[in-house]
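Asker: Below are the sequence and a predicted model for it; my questions follow.
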Amino acid sequence: MKLGRIVGTVVSTRKDEKIESLKLYVVRDLSLSITEKDSFVVAVDSVGSGLGEVVLYSSGSAARQTNMTDGRPVDAVVMAIVDQMDVHGELVYNKATDTGEPGRPAEE
Amino acid sequence: MKLGRIVGTVVSTRKDEKIESLKLYVVRDLSLSITEKDSFVVAVDSVGSGLGEVVLYSSGSAARQTNMTDGRPVDAVVMAIVDQMDVHGELVYNKATDTGEPGRPAEE
Amino acid sequence: MKLGRIVGTVVSTRKDEKIESLKLYVVRDLSLSITEKDSFVVAVDSVGSGLGEVVLYSSGSAARQTNMTDGRPVDAVVMAIVDQMDVHGELVYNKATDTGEPGRPAEE
Amino acid sequence: MKLGRIVGTVVSTRKDEKIESLKLYVVRDLSLSITEKDSFVVAVDSVGSGLGEVVLYSSGSAARQTNMTDGRPVDAVVMAIVDQMDVHGELVYNKATDTGEPGRPAEE
Amino acid sequence: MKLGRIVGTVVSTRKDEKIESLKLYVVRDLSLSITEKDSFVVAVDSVGSGLGEVVLYSSGSAARQTNMTDGRPVDAVVMAIVDQMDVHGELVYNKATDTGEPGRPAEE
C-alpha cells in the first residue's frame, strides 16, 4: 500500500457505468516525513475518508478486492485512514494533531 | 487511476484480433496543475471520449473490467471524462473553460 | 499500451517449457517524437511483427490475453503494428516513410 | 520480490473490513549494499517479522497468495525474513551481525 | 520480460510456507549494452539458472505461470537463460564468450 493525503476531488458525468456513484479522490503521495510529493493518483474511496486525511491506498488488482470496487475498472482504492505512523521509533504522523501539510491548512 | 489528456490517435491495421475495432488514443499524463508531462500511454476508449479531452484512465488488469475491453490484451483504458477537478480547495480544471494546454489550442 | 520499436532479438535454448517456440523481441520504448529511449523490454510477438517496426505492446496480465500467450509466464506482448500516429494534429509517425531512428537505418 | 527493512508501523482504526487484524508495516526499500532508500511501501506481515528486520516483500496480485492475505485489498506482503544475502561472492548482509542502518541502531 | 544478470542469492529460514524450497536469486537489471544497473529484484528460479548468468525474468502475475511458482506469493521469476542477444544488427551478448560484467569476473 502507499501512503497519501486526499487533496481533492474529481467530478465526471460521462464515465464507465460500473463506476457510477463511486467517489473519486485526488490522492497525493507522501514521503516518510509526511510531506506531499509531486506524484498522485485518482482513487476510489471505500472507507468513508474525507478531504485532508492521510490514508493508505492499494493499487492494481488489489484495488478490486473491496465490496465497493469488485469487478469495476478501478486500479486504486483508499482502504484505510491512518491514525498514527511511526518510523525509527518516532511518531511521524498523528491524526489527532494533524493540521495538513506545512504552510497549508488541512482542507476538511 | 491516472489523469491524462487525449492528444492523438494510433492507426494499426495489423493487430491482435481481439482489439479489432477498438479506438486507440495517445493519452499524455497530466500534473496536478493540468500541464502535460512527457510520459504517455496508448489507451482504449470505453466512454466515447474525444481528442483534447481531459480523462481518467485505468491501468493493469483493471483495464479489462469494462464491457468493451473484457478478455482483451489491453492494459490501459479511458474510463471517465473529467468535468471538474479541484485540489486544495481550488478549481484546477473546468471542462467548460478548457482551451487545451497553455500555448496549444484544444484539438477538438 | 506502450509505444516501442523492435530493435533486436533474444535467443534462449534453456527456458520455461511454456514459452518454447515463442519469438522474443527486444523492444525499445519510444517518445512521442518517435525517438528511442533508454528503457526497453523483451516482449513476445503475437502479430507477426518484424525488426525495425514501430509497435504497441501490452504489459502485465494483459500480455496473457492473446491466443499465443494465454497461461504462459509472459509479461509483455507485441499486439499491434503501428501504421500511423498523430499527436496534437501532426503526423508524428508514418510507417510508409519510416526509415528507422535518425542516424540509424531501419533494420528490416 | 523486493528487499526492504521494516522501519515502522501504521495504526488505522477505520479501514476496509477485510484488513481488520492485519499488521501494517512501513518497509523501506534497500539497495544492494543494504542502505535504506527514500522509497517505501506499507506492507502486511505474513511471517511474524519484526521492527528492524531485513525482509522480502511481494507486490501486486502476488501479495494475495498467502493464507493471511487471500482475497483482501492488499498489494504488498512481507513473505520472508532474510538471514543472509550475498552479491558478487561477498556476504552483503548477515542477520546475525546486523545492527541496523549505519548511524541508526536497530529498532527491535 | 526484463533482462538481468544473476549476481547473488538470498537465504531465508523464516518465510511463507508456499515458497519453501524455492531458490531465491538476486537479479540485477541490465542495460542494452549488458552493463549492470542499480535496480534489482529478488526472483525465483524456474529454469535451473546459475550465478553469473544473463537471464530473462517475468514480473507480476506472469511470475506465477510456471509449474514451480503457481499459486505462490512470488512476483518475479527467472524463466529463460539468454544465449545470445542482438540489437540494431550487432551481437551485444553471447553466452559463449561472456566473462561477466567488465571489471568483474563471472561468478559461476
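Answerer: Yep, that arrived. Residues are numbered from 1 along each chain as shown, chains lettered A, B, ... in the order given.

Asker: what sits against A:G60?
Answerer: For A:G60, the contact set (Cβ atoms under 8 Å, 6 or more residues apart in numbering or on different chains) comprises A:75, B:60-62, D:59-61, D:75. All C-beta atoms are positioned from the backbone trio N, CA, C, and that covers glycine.

Asker: again, only this time at 7 Å
Answerer: A:75, B:60, D:60-61, D:75 (Cβ atoms under 7 Å, 6 or more residues apart in numbering or on different chains).

Asker: can you tell me which residues contact the closest residue to chain C within chain A?
Answerer: Chain A approaches chain C most closely through A:S61 (7.7 Å), counting by Cβ to the nearest Cβ. Applying Cβ under 7 Å, 6+ apart, one finds that A:S61 lies in contact with B:60-61, D:61.

Asker: switch the cut-off to 8 Å
Answerer: B:60-62, C:61, D:60-61, D:64, E:61.

Asker: that older thread, okay if I get the contacts of A:G60 as JSON lines plus secondary structure?
Answerer: Shown next, in JSON lines, are the contacts of A:G60 (DSSP: H, G, I helix; E, B strand; the rest coil):
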{"residue": "A:D75", "secondary structure": "coil"}
{"residue": "B:G60", "secondary structure": "helix"}
{"residue": "D:G60", "secondary structure": "helix"}
{"residue": "D:S61", "secondary structure": "helix"}
{"residue": "D:D75", "secondary structure": "coil"}
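
Asker: For D:S21, state which of these is nearest.
Answerer: Closest approach between the contacts of A:G60 and D:S21, by Cβ to Cβ: D:D75, at 17.9 Å.

Asker: looking at it, the closest one is touching A:M1, isn't it?
Answerer: Yes - D:D75 lies in contact with A:M1 (Cβ atoms under 8 Å); the separation is 6.1 Å.

Asker: more neighbours, these two?
Answerer: Neighbour totals were compared for D:D75 and A:M1, and D:D75 leads with 31 against 25 (other Cβ atoms under 10 Å in any protein chain shown).

Asker: all strands of chain A, in order?
Answerer: A:2-11, A:14-15, A:24-30, A:36-45, A:54-59, A:76-81, A:84-87, A:90-94 (DSSP state E).

Asker: Now do the same contact list for A:M1.
Answerer: Taking Cβ under 8 Å, 6+ apart as the test, what A:M1 contacts is A:56-58, A:79-80, D:24, D:41-43, D:74-76.

Asker: Repeat the analysis, applying 10 Å as the threshold.
Answerer: Contact analysis of A:M1 by Cβ atoms under 10 Å, 6 or more residues apart in numbering or on different chains lists A:55-59, A:62, A:77-80, D:10, D:19, D:24, D:41-44, D:63, D:73-76.

Asker: still on that earlier bit, mind putting the contacts of A:S61 into CSV with pLDDT?
Answerer: What follows is the contacts of A:S61, written out as CSV (pLDDT from 0 to 100):
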residue, pLDDT
B:G60, 94
B:S61, 93
B:A62, 93
C:S61, 93
D:G60, 94
D:S61, 93
D:R64, 93
E:S61, 93
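
Asker: so what sits against both of D:D75 and A:M1?
Answerer: Among the neighbours of D:D75, those also in contact with A:M1 (Cβ under 10 Å, 6+ apart) are A:56-59, A:62, A:77, A:79, D:41-44, D:63.

Asker: May I ask which two of these are separated the most?
Answerer: A:V77 and D:A43 (16.4 Å).

Asker: Surely A:V41 touches A:A76?
Answerer: Yes - judged on Cβ atoms under 10 Å, A:V41 makes contact with A:A76 at a distance of 4.6 Å.
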